[in-house]
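S.K.: Quick check, what structure comes out for this input:
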Amino acid sequence: MTHLHQANSVITSCTYLQQGGILSRGFAEDHGLQQSAQPTDELDRKYGIWHSIFVPHVDIHDRQGRTKAPNLFGPVLFVLDLDVLLRLPPGTEVRVTKRSPAYWYNTEPDSARWFQNAEEVAKNLSPDDLHKMPAIQTPSGRLDFPNRRARIILDDPQRQVRSGVNAYTHAEARLREAAEHGKVEVSIERRKCQTGCICASKYAAWSTPVVDFYFG
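M.R.: Next up is the predicted model:
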């Protein structure tokens, strides 16, 4: 494990940059901040993880690019160094799921959903496992960018948004504007897909409203 990741839409990612950190879904809602809907929102509320920040140790787009790409949580990937874990405020809880909450059951105990100690995590967490993921719950519900610096890998869908502007160019400009507003020094890299990645064909099949949802 070398990094932690958080993927999201351009709208939500701009909120992160304006606020100076990655926010839990609950924090953004409680403070009336802009965020786009996610497929796991209902489950996050149901299982009491609405105020947790999930930061997978795997770049999902990179890992499953040959089968399911792109990452349906969003084309904007925040890449965090592991030392962010050393700077967490007192009272923070860090846990690791045994599998994605999308596959949890209503009647199962907590021990079936989460690893119970560091020894279990060390023994069972592999570099390629997409479904075992760290979740951070800080007292404030936010994870500030260290030194107000953020690194982003941005997908290029080779499409246009509804206005006719190139989607990548539009997204990059919005992210940089948000970072300037939040006084965050941001590095934005165009994603370089591995050989065999099918994201280009997936993006080509998206309707314009879907492109706008993720990149607008």
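
S.K.: Quick one: the helices in this structure, in order.
M.R.: 10-19, 25-30, 41-46, 60-64, 110-113, 118-124, 167-181, 199-205, 208-215 (DSSP state H).

S.K.: What is the neighbour count of Gly196?
M.R.: Residues lying near Gly196 (other C-beta atoms under 10 Å) number 9. For every residue, glycine as well, the C-beta is placed using N, CA and C.

S.K.: where in this structure is pLDDT low?
M.R.: 65 (pLDDT under 70).

S.K.: re earlier: tell me which of the helices of the chain sits most buried.
M.R.: Among those, helix 10-19 has the highest mean neighbour count (mean count of other C-beta atoms under 10 Å), at a mean of 24.

S.K.: what angle do that one and helix 167-181 make?
M.R.: Relative orientation of helix 10-19 and helix 167-181, computed by axes from the mean of the first three to the mean of the last three C-alpha atoms, to 10 degrees: 20 degrees.

S.K.: which helices and strands sit right next to helix 10-19?
M.R.: strand 21-23, strand 76-81, strand 149-154, helix 167-181 (3 or more C-beta pairs under 8 Å, 6 or more residues apart in numbering; DSSP states H and E).

S.K.: now do 10 Å
M.R.: On a contact count with 3 or more C-beta pairs under 10 Å, 6 or more residues apart in numbering; DSSP states H and E, helix 10-19 meets strand 3-8, strand 21-23, helix 25-30, strand 76-81, strand 142-144, strand 149-154, helix 167-181, helix 208-215.

S.K.: Make JSON lines from the helices of the chain and add distance to Asp83 to it.
M.R.: Shown next, in JSON lines, are the helices of the chain (distance: least, C-beta to C-beta, whole Å):
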{"stretch": "helix 10-19", "distance to Asp83": "19"}
{"stretch": "helix 25-30", "distance to Asp83": "22"}
{"stretch": "helix 41-46", "distance to Asp83": "27"}
{"stretch": "helix 60-64", "distance to Asp83": "21"}
{"stretch": "helix 110-113", "distance to Asp83": "27"}
{"stretch": "helix 118-124", "distance to Asp83": "17"}
{"stretch": "helix 167-181", "distance to Asp83": "21"}
{"stretch": "helix 199-205", "distance to Asp83": "30"}
{"stretch": "helix 208-215", "distance to Asp83": "30"}
